[in-house]
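Engineer: Following is a predicted model, sequence given first.
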Amino acid sequence: MAILEPPPQITNRDITRATLRLFWRASFQQKWSLWLAYIGRLPSFFLQNTIVPLAVAYGLQAIVEHRFNAVAGYAWSVLWLTVLAGLLLALGTWAVARNAIVAGEYVQRAVFANYLDKDYEFYGNTYYGALGAQAVRLRDAASDYGKLVTLDIPKEVITVGTGLVVIGFSSLPLAAITLVCMLFVLSYTMWSSRWRVRHRRKLSEVSSVLAGVIGDALTHSVTVKSFAAEGYEQGRLDEALKPWAKAQFASWTTSIPADVGRNTLAAVTIAILLLMTASLYHKGTISFAVVALVQLYVLRMIAVTQDIAETVKAYETAMGSCYQSVKTMLIEPTVADSNDPVHLPMRTAPHELRCHNIRFAYDGNKKKLVIKDFSLTVKQGEKVGLVGYSGSGKTTLTKLILRFLDVERGSIEIDGIPINTMRQQELRRLIAYVPQEPLLFHRSIAENIVYGNPSANRKALLAAARMAHVDEFAEDLPDKYETLVGERGVKLSGGQRQRVAIARAIIKDSPILILDEATSALDSKSEKLIQKALWNLMKDRTALVIAHRLSTIQRMDRIAVIDKGKLVQIGTHDELLREPAGIYATLWAHQSGGYIGEPK
């Protein structure tokens, strides 16, 4: 499964702009630490790279002129200026670290919130493991970007800028030559960085796929082991490693010609300025202090060009590593809230649920409609069962009601209000949903139950657990309700996971219930107990119950039969059995004998 691609109208420029906007906002989340970073580091850079070299140069001039008393003064100046610069540097570094952490936290929250807002289609086409890796890389890139703007770039600007100014006051020709040489070095550095960006982006993409392959296998480790498929998964990893290794090698080796060219230009610059200063000193145009000054500043500026190259590389790495993350963030959900949503207040009284002439096909394939002109009204407080052959569209219908997907035609309404005009969170608060395959968080049993209502107290938790018969196994565990259930609930049996999911729906206490095979993983004894709990739960609520075990729904007010996406029968259990040629009677006949609650 590949990473879901963004719409074609999203360009690389859009991604770069979005990344910079995100990083800029992140950098200003804690303004005091940002300004403190500048207050500490800018004077430190100025002292270290401008004033100290100046004092050293004039100290050398004093040595040449045999003014040894003055040399001591310059030496003490260098010492105390260096100490002061170090203290300021320490203060600024502390502030840089603080700002970088806050920026990383901000970006981590932003990307997490963005990913949670993605819709059902997005998660159906994306490696979950890749998303986690992308989010971490984006967070780290934000911290690195904060270091660039508060540490690296100011240092480089001050060193080059003040160096040229000081040399210019001493000798304009030397300043002009220095400027031209530095422009060549900087231009080459920036030029060589442009064609390295492509490799960084490619590395980001293949790294996401690699993380997804690893995460996918580890998430389903039980399945891997049960099929003895370790070798197969290792082969998939090997295949994913090939493009990663190629991209990683290209990313590293593309810097080699850039480094060689930059070092050559730097050596040429030093040689030219050495010859120029020697010539001017020989002619008596400049003093020895200026000779020393120029060499000191040029050596520092050349060193800074290396820093600039590293800064550019760090920028490329930051932009490249977060390229895939931001590209993912820019994918707009296909299911979006209305700009002017209608608010349907929560109330204990049941709501009416109505599907009116709805149609739906996955990926918009109208030739393969999953739901075809389906209409059904579940009245306030009514309990309606939904049955049909596998693949008839039952689970898809629940996804449409929950608005994980949007209908292509028709409407789904609650109390006459189309659900696409409501906020998705408000809609889903109205509905307690137990899916066919309940998945649990790698948290405690208690945390998984109260997830339906985080504000619930311990009494409500235990009451819901008793109603769903979770207490029958939880009380026997060493840590009882604090027992961790493992990734996706693997430490519990299928029936135990389903009981926890039912308890979660019970504690949510929503006016509408959607149960999709809520007892499918239970044994006959447990099913009978859970059915009683579900009937208590459905009291005074609107309920839509999907079941393959027809005994689960024979007491429903009505039963709707769906076939190939169409509503083909509706009525009570007895009414549908009077239609011997109907699908319901056929299903009932196939299930006769051995199911709980079946008439004798």
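Structural biologist: Right, received. Where do you want to start?
Engineer: Would you mind listing where the stretch 151-300 of the chain has pLDDT under the threshold?
Structural biologist: Under the criterion pLDDT under 70, the flagged ranges of the stretch 151-300 of the chain are 151-152, 190, 192-201, 204, 219-228, 252, 255, 258.
Engineer: Burial check on Ile51, number of neighbours?
Structural biologist: The number of residues packed near Ile51 is 19, by other CB atoms under 10 Å. Just so you know, the C-beta spots here come from the backbone N, C-alpha and C atoms, and that holds for glycine as well.
Engineer: Can you tell me the element the residue nearest to it when sequence neighbours are not counted falls in?
Structural biologist: Nearest non-adjacent residue to Ile51, counting by CB to CB, 6 or more residues apart in numbering: Leu81, 5.8 Å away. Using DSSP states H and E, Leu81 maps to helix 68-116.
Engineer: so what does the one helix or strand Ala503 maps to touch, helix or strand wise?
Structural biologist: Here Ala503, judged by DSSP H and E, is contained in helix 494-508. For helix 494-508, the packing partners by 3 or more CB pairs under 8 Å, 6 or more residues apart in numbering; DSSP states H and E come out as strand 431-434, helix 445-450, helix 458-467, helix 524-538.
Engineer: contacting residues around Val294?
Structural biologist: Contact analysis of Val294 by CB atoms under 8 Å, 6 or more residues apart in numbering lists Ile167, Ser170, Ser171, Leu174, Thr178, Leu273, Thr277.
Engineer: Quick check: the fifth one touching Val166?
Structural biologist: Okay, so that is Thr178. No - in this structure, Thr178 is not within contact of Val166 by CB atoms under 8 Å, at 10.5 Å.
Engineer: Give the next helix or strand downstream of the helix or strand of the chain with the lowest mean pLDDT.
Structural biologist: The helix or strand of the chain with the poorest confidence is helix 221-226; it has a mean of 63 (mean pLDDT, DSSP states H and E). Using DSSP H and E, the helix or strand that follows helix 221-226 in sequence is helix 230-253.
Engineer: tell me what that following helix is packed against?
Structural biologist: helix 172-219.
Engineer: okay, the angle between the helix it packs on and helix 230-253?
Structural biologist: 180 degrees (axes from the mean of the first three to the mean of the last three CA atoms, to 10 degrees).
Engineer: For helix 172-219, what is the distance to the chain centroid?
Structural biologist: Relative to its parent chain, helix 172-219 has a centroid offset of 24 Å by CA atoms, centre = their mean, to the nearest Å.
Engineer: Which elements pack onto that helix?
Structural biologist: With 3+ CB pairs under 8 Å, 6+ apart as the test, helix 172-219 has helix 128-147, helix 153-170, helix 230-253, helix 255-282, helix 288-321, helix 323-329 packed against it.
Engineer: Between those helices, which one is closest to Gly215.
Structural biologist: Nearest to Gly215, of all the helices and strands packed on helix 172-219, is helix 128-147, at 1.7 Å by CB to CB.
Engineer: Check the average confidence over that closest one, would you?
Structural biologist: For helix 128-147, the mean per-residue pLDDT is 71.
Engineer: Distance check, the residue nearest to Ile51 against Ala585.
Structural biologist: Look at Leu81 and Ala585: by CB to CB, to the nearest Å, they are 96 Å apart.
Engineer: Kind regards, and thank you for your time.
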